[in-house]
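> Pasted the sequence and its predicted model underneath.
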Amino acid sequence: MASCTVYTTQSLNSTCSISTPTKTHLGFNQKHVVFYSTGKKTTKRGGSGTAVITCAMGDSQTVVIGLAADSGCGKSTFMRRLTSVFGGAAEPPKGGNPDSNTLISDTTTVICLDDYHSLDRTGRKEKGVTALDPRANDFDLMYEQVKAIKDGKTVEKPIYNHVTGLLDPPELIKPPKILVIEGLHPMYDERVRDLLDFSIYLDISNEVKFAWKIQRDMAERGHSLESIKASIEARKPDFDAYIDPQKQYADAVIEVLPTQLIPDDNEGKVLRVKLIMKEGVKYFSPVYLFDEGSTISWIPCGRKLTCSYPGIKFFYGPESYYGHEVSVLEMDGQFDRLDELIYVESHLSNISTKFYGEITQQMLKHSDFPGSNNGTGLFQTIVGLKIRDLYEQIIASRAAAPLEATKA
C-alpha cells in the first residue's frame with residue numbers, strides 16, 4: 001500500500017493522502033498533487049486496485065531532530081525529558097518486536113540509528129570494525145528513510161537487536177509530528193544532516209565518561225578496572241575520528257566536564273555542565289542569564305538557594321566554537337533542593353516556557369532521572385522546551401506560507 005500526500009490551499013487548511021497498492025523498500029510510494037477538499041473521504045476503483053483518498057486537518061510534514069552522542073552518555077534520559085515536555089510517555093511500538101529500539105509517544109517517534117547497522121555483531125568482528133565505523137552502517141538507507149518520513153511517508157525500518165547482535169525483520173514507522181533520530185551518526189552524513197531541523201550533541205569529557213563507566217560497569221556488571229580501561233581505549237580511535245567531529249555541526253551542545261569547585265576531583269559526582277548554543281539558527285534564540293550578550297559570573301547561593309559544599313556557580317557569555325558564534329550558559333555544582341530551582345529559573349531568559357516555573361516543575365516531575373540535581377538535567381530540560389518552541393514556530397510558518405503565496 002502506498003501513500004500520497006496532497007497539499008491544499010491555506011483557505012481549506014486540509015491535508016489529503018491517496019493510498020494505492022504499490023510498495024517499495026521505503027514503505028509506501030508517494031506523489032505530491034493539489035487536491036481541493038474539506039475533509040471528506042473518497043474511494044476510487046482503478047485497474048490495479050483500490051485507492052483511498054483521506055483528508056485531515058493541518059500540514060503532515062514531519063519535523064526532524066538529531067541527537068548525537070557516544071553510548072552511555074545520557075541519550076535515553078534526554079529522550080525521556082524531551083517526550084515529557086510534549087506530553088505522554090514514549091513506549092515501544094505496541095504488538096511489535098519486543099527488542100525494538102523505537103519509542104513512540106503521541107507527538108514524537110524516536111529512532112535509534114543503530115538500526116541502520118549494515119553489519120551484525122558477528123560481521124563487525126569478522127571485518128575488524130566497530131559500530132562507530134561508517135563502514136558498518138548503511139547511510140544510503142538512513143538518508144532515504146529519514147527523508148521519506150520527513151515527507152510524510154511510512155517506511156519499513158530495519159531493527160538492530162542489541163540482545164542478540166543480529167539484524168531483525170523490519171518494522172513499520174509512520175510519520176509522526178516530530179521524529180528524533182538518536183545515535184552515533186545523525187550528523188555524520190551530509191545528506192542526513194541537511195534533513196535536520198535542529199541538532200544536539202551530548203559531549204561527555206573523557207574524565208567524566210571514565211568515572212561514569214567505572215561506577216556502572218564495576219558496581220552493576222562486575223567488570224574489572226583493567227577491562228573497563230581496555231574497552232574505552234579500544235573505542236577511542238573511532239570515536240575521535242567519526243563521532244566527536246559531529247559536534248561542530250550541532251545547533252546546541254551539552255558539554256559535561258569535571259567540576260572546578262573541588263581541586264583535583266576525579267569522582268565525577270559533581271559536574272560542570274555547559275550549554276553551548278549556536279547563534280543565527282532559525283527558530284532558535286539562545287538562552288541568556290541576566291543580560292543578553294554580556295559576560296556574567298553568578299554565585300546564587302544564599303538566602304534563596306540552599307548550597308552545601310562545594311556550592312554552585314553559573315557563567316554566561318559569548319564565545320566562539322568551531323568558527324561559529326555561540327552563547328554559553330554554564331553551571332558548576334549541584335542543587336540541594338529542586339523546589340528552589342525556581343530562583344535560578346527566574347533569572348534566565350529566552351527559556352521558551354509556557355508558564356512561570358515550568359522548568360522547575362519538569363525537574364521535580366523527573367527528580368529520579370540521572371542528572372536531575374545538576375546542569376545535565378537542567379540543560380536537557382531547557383533544550384526540550386526550546387525544541388517544543390522551535391516545532392511550534394515551524395508549524396506556524398508552514399501554515400502561513402500557502403496564505404502568503406495566494407496574496408502574492
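Here it is on my side, so go on. Residues are numbered from 1 along each chain as shown.
> Leaving out the residues flanking it, which one is nearest to Leu385?
Leaving aside its chain neighbours, Leu385 sits nearest to Ser352 (4.6 Å; criterion: C-beta to C-beta, 6 or more residues apart in numbering). All C-beta spots, glycine's among them, are computed from the backbone N, C-alpha and C.
> quick one: which helix or strand includes the one you found?
Using DSSP states H and E, no element contains Ser352; it sits outside every helix and strand.
> Now do the strands in the stretch 101-250 of the chain.
Using DSSP state E, counting those that start in this stretch, the strands of the stretch 101-250 of the chain run over 103-104, 108-112, 155-160, 167-173, 178-183, 198-204.
> can you give me the angle the helix of greatest length in the chain makes with strand 198-204?
Ranked by residue count, the top helix of the chain under DSSP state H comes out as helix 375-407. Counting by axes from the mean of the first three to the mean of the last three C-alpha atoms, to 10 degrees, helix 375-407 lies at 170 degrees to strand 198-204.
> buried stuff in helix 375-407?
Residues 375-391, 394, 402 are the ones in helix 375-407 that count as buried (16 or more other C-beta atoms under 10 Å).
> Contacts only, for the residue nearest to Ile312 when sequence neighbours are not counted.
Closest residue to Ile312 apart from its sequence neighbours, by C-beta to C-beta, 6+ apart: Gly333 at 3.6 Å. Contact analysis of Gly333 by C-beta atoms under 8 Å, 6 or more residues apart in numbering lists 259, 261, 270, 272, 307, 310-313, 374.
> Mind pulling up the pLDDT for the most centrally placed residue in the chain?
Central residue of the chain (C-alpha atoms, centre = their mean): Leu67, 3.8 Å from the mean position. Looking at Leu67, its pLDDT reads 96.
> How about Tyr391?
96.
> Same question for the one 3 residues further on.
Per-residue confidence (pLDDT) for Ile394: 95.
> now Gln334: how far from Leu341?
11 Å (C-beta to C-beta, to the nearest Å).
> What ranges does the chain have for its helices?
Using DSSP H, helices in the chain cover 75-86, 121-127, 139-150, 190-193, 206-219, 225-238, 341-345, 358-365, 375-407.
> Of the ones you listed, which is nearest Ser105?
Among the helices of the chain, the nearest to Ser105 by C-beta to C-beta is helix 75-86 (4.7 Å).
> What is the closest one packed up against?
Helices and strands touching helix 75-86, by 3 or more C-beta pairs under 8 Å, 6 or more residues apart in numbering; DSSP states H and E, are strand 63-68, strand 108-112, strand 178-183, strand 198-204, helix 358-365, helix 375-407.
> From the chain's centroid, how far away is stretch 286-300?
Mean-position distance between stretch 286-300 and its chain equals 26 Å (C-alpha atoms, centre = their mean, to the nearest Å).
> One more: stretch 345-354?
21 Å.
> For this structure, give me the ranges with low pLDDT.
1-60, 216-217, 219-222, 408 (pLDDT under 70).
> sorry, back to before: turn the strands of the stretch 101-250 of the chain into a markdown table, columns for mean neighbour count.
Below are those laid out as a markdown table (neighbours: other C-beta atoms under 10 Å):
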| stretch | mean neighbour count |
| --- | --- |
| strand 103-104 | 22 |
| strand 108-112 | 24 |
| strand 155-160 | 22 |
| strand 167-173 | 16 |
| strand 178-183 | 25 |
| strand 198-204 | 24 |
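> Present these as CSV; the columns should include distance to Pro370.
Converted to CSV, those look like this (distance: least, C-beta to C-beta, whole Å):
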stretch, distance to Pro370
strand 103-104, 17
strand 108-112, 18
strand 155-160, 24
strand 167-173, 28
strand 178-183, 16
strand 198-204, 12
